[in-house]
Every structure is written in C-alpha cells, then in structure tokens.
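> Okay, here's the prediction I keep looking at, along with the sequence it came from:
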Amino acid sequence: MNSKLSEIQVRPYSQLPEMNLGWLSLKDHFIATVGPYSGRGEQLKNLLVLADAKIQPKSRFPDHPHNDMEILTWVVHGKLQHLDDKGTNQEVPAEHLQLMSARDGIFHAEGNLSDQPLRLLQIWIHPNAKSGTPVVQQAGLTQKGFNLLAGPSAAPLNIRQDVWLYAAKIEGEEQVFEIPEDKFAYAVSIGNLSWNGSELQDGDGLLAQSGKLTIKGKGQAIVILQNRQ
C-alpha cells in the first residue's frame, strides 16, 4: 500500500453556485443543469454534473426525458421516489445509490413523496457507449468501510464508463481510501469530516491525487475515481 497522503484541493460548499426554488435547493460542483447558472461550469473529465440537492416533503421534479447519460443518485437522508415510462416505481432509501442508465431514452419523474426532507447527490457521467434499453437499478452499503457501488465491471451497478463510485459511512473510526497511481478522485464530505487532517464542512468537495485519504469523524464519504489517461 502506498504510504503517502494524497494531495487534496478543497472546493468549499459555501462557494458553489446555488439555486433555490423553495421546494428545491441545490449546489453544483460542476456543470449546472437548472437555475440561473444552467449550462455554466466545467466538467471533470467524464464527470459532468454533481449536484447536492435538497427536496422538500411532497415535492418532485415534473416528468422529463434523458438519453445517452449515466445518472447516479446517492440518497444522503430521506427517501427518493422514482417513476418512469418503462414501468419502474422505485423507492430509494438513505445510504443507497440508484443508477439510471438512460441509453435510448427514458422519461421519468423523481422526488420526495414522504413527510420528511430529502437530500441527495446526483451525478451525471458521460457514457462511452450509446443506445440500448434503459436500466434502472439500486444498491446499498453491505459492509463497513468503503463499498464499491458503481463501475464499469465487478460492481453492483455497472455503468458505461471508466468511472468508479465508492461510498462509506464514517462512524468515528478512521477510514482509509487508497487512490491508485493511475487514477485521481473527486470526493464529497457529508458531515464535518477530517480528510488527511483538513477539517471539511458538510457538502465540501475535494480533488485528490494518488495516495491515501484518511477520513475521521461521523458522516458519509463519497469518492469518485477516474483514470488519469
């Protein structure tokens, strides 16, 4: 195992572009999809969108289409309801990841039908293949430490791109994540966590190079890997 700590660059939550519609509020780490900043921003290789969204009870996005996009949704707390024109009516609970591989096209609505607030991270990834029947699946944490939930192979959710998403519930004990030499990472701190000795606030993002990430505190850690080349 590489003993060096990864170099990190923090992207503070407080400085991210924000959009607030009352029933929906969100902060965008990369390209914004809605609101006054729509279309603005810069993607991180194949990572186009990472939105930290809060949806009020009994609220939802109206029906809308997607195609040729890999969309991952991590539920921080609350319950996400997904309905689509393929017959899916799926509830995604907290600490679960949903994959919607839009492919040839899918028409869906998503939101919060419960009486409790919902917070989620929605991630859009540019696929390396097009066409095919849309896929909607979900997976949750099955073990302590970091769980590989999505990737191009050998993951519960298979996506059409060389992108890997790991998630962990941090419960006081130090967790270590190793970034391979040929990859880099973008991570999101859910809760006030220490990353390589730096105290990050809830919602902060960070860009990390190869080496170790050591995380302490209580919350959730989301790490997205991509190839350097």
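Yep, it's here.
> Every contact and neighbour count from this point should use C-alpha atoms.
Fine.
> lowest confidence element among the helices and strands of this protein?
Every helix and strand of the chain was ranked by mean pLDDT, DSSP states H and E. The lowest is strand 64-66, at a mean of 80.
> contacts for the helix or strand following it?
Going down the chain from strand 64-66, the next helix or strand is strand 70-77, by DSSP states H and E. Applying CA atoms under 8 Å, 6 or more residues apart in numbering, the external contacts of strand 70-77 come out as 92-103, 117-127, 159-160, 190, 220.
> Using the three-state scheme, assign Ser153.
Here Ser153 is coil, with the state taken from DSSP: H, G, I helix; E, B strand; the rest coil.
> how about Ser14, phi and psi?
Main-chain dihedrals, Ser14, degrees, to the nearest 10: phi -60, psi -20.
> nearest residue to it other than its sequence neighbours?
Excluding the flanking residues, the one nearest Ser14 by CA to CA, 6 or more residues apart in numbering is Asp204, at 7.9 Å.
> now Thr33
In space, Thr33 is closest to Gly39, 6.0 Å off (CA to CA, 6+ apart).
> Next up, the contacts around the one you found.
By CA under 8 Å, 6+ apart, Gly39 lies in contact with 31-33.
> helix or strand for Ala221, which one?
Using DSSP H and E, Ala221 falls within strand 218-227.
> residues of that strand that come out buried?
Under the neighbour-count criterion of 16 or more other CA atoms under 10 Å, strand 218-227 has 218-226 buried.
> Would you mind pulling the contact partners of that strand?
45-46, 76, 162-172, 179, 182-193.
> Repeat the analysis, applying 6 Å as the threshold.
Residues from elsewhere that reach strand 218-227 (CA atoms under 6 Å, 6 or more residues apart in numbering): 163-172, 183-191.
> Those residues in helices, which ones?
Using DSSP state H, no member of those sits in helices.
> Can you tell me which of those residues are buried?
Buried members of the contacts of strand 218-227, scored by 16+ other CA under 10 Å, are 163-170, 183-191.
> Any regions of this protein where pLDDT drops low?
The model of the chain has pLDDT under 70 over residues 1-2.
> Need the distance between the two termini of stretch 122-137.
Using CA to CA, to the nearest Å, the end-to-end distance of stretch 122-137 comes to 15 Å.
> Run the chain-centre distance for it.
When C-alpha coordinates are averaged (CA atoms, centre = their mean, to the nearest Å), stretch 122-137 and its chain have centres 14 Å apart.
> Mind listing residues that contact that stretch?
Defining contact as CA under 6 Å, 6+ apart, one finds that stretch 122-137 is touched by 46-51, 68-73, 98-104, 160-161.
> picking that back up, mind listing what the strand holding Ala221 pairs with, with the direction of each?
Strand 218-227 has its sheet partners listed here by DSSP bridges as strand 163-171 (antiparallel), strand 183-190 (antiparallel).
> closest one to Asn20 among those strands?
For Asn20, the closest of these is strand 183-190, at 19.9 Å, according to CA to CA.
> Compute the inter-axis angle for the closest one and strand 70-77.
Using axes from the mean of the first three to the mean of the last three CA atoms, to 10 degrees, the inter-axis angle of strand 183-190 relative to strand 70-77 is 30 degrees.
> Check which element follows strand 183-190 along the chain.
Per DSSP H and E, the first helix or strand lying C-terminal to strand 183-190 is strand 193-195.
> what's downstream of that next one, the next helix or strand?
Heading C-terminal from strand 193-195, the first helix or strand you meet, by DSSP H and E, is strand 198-200.
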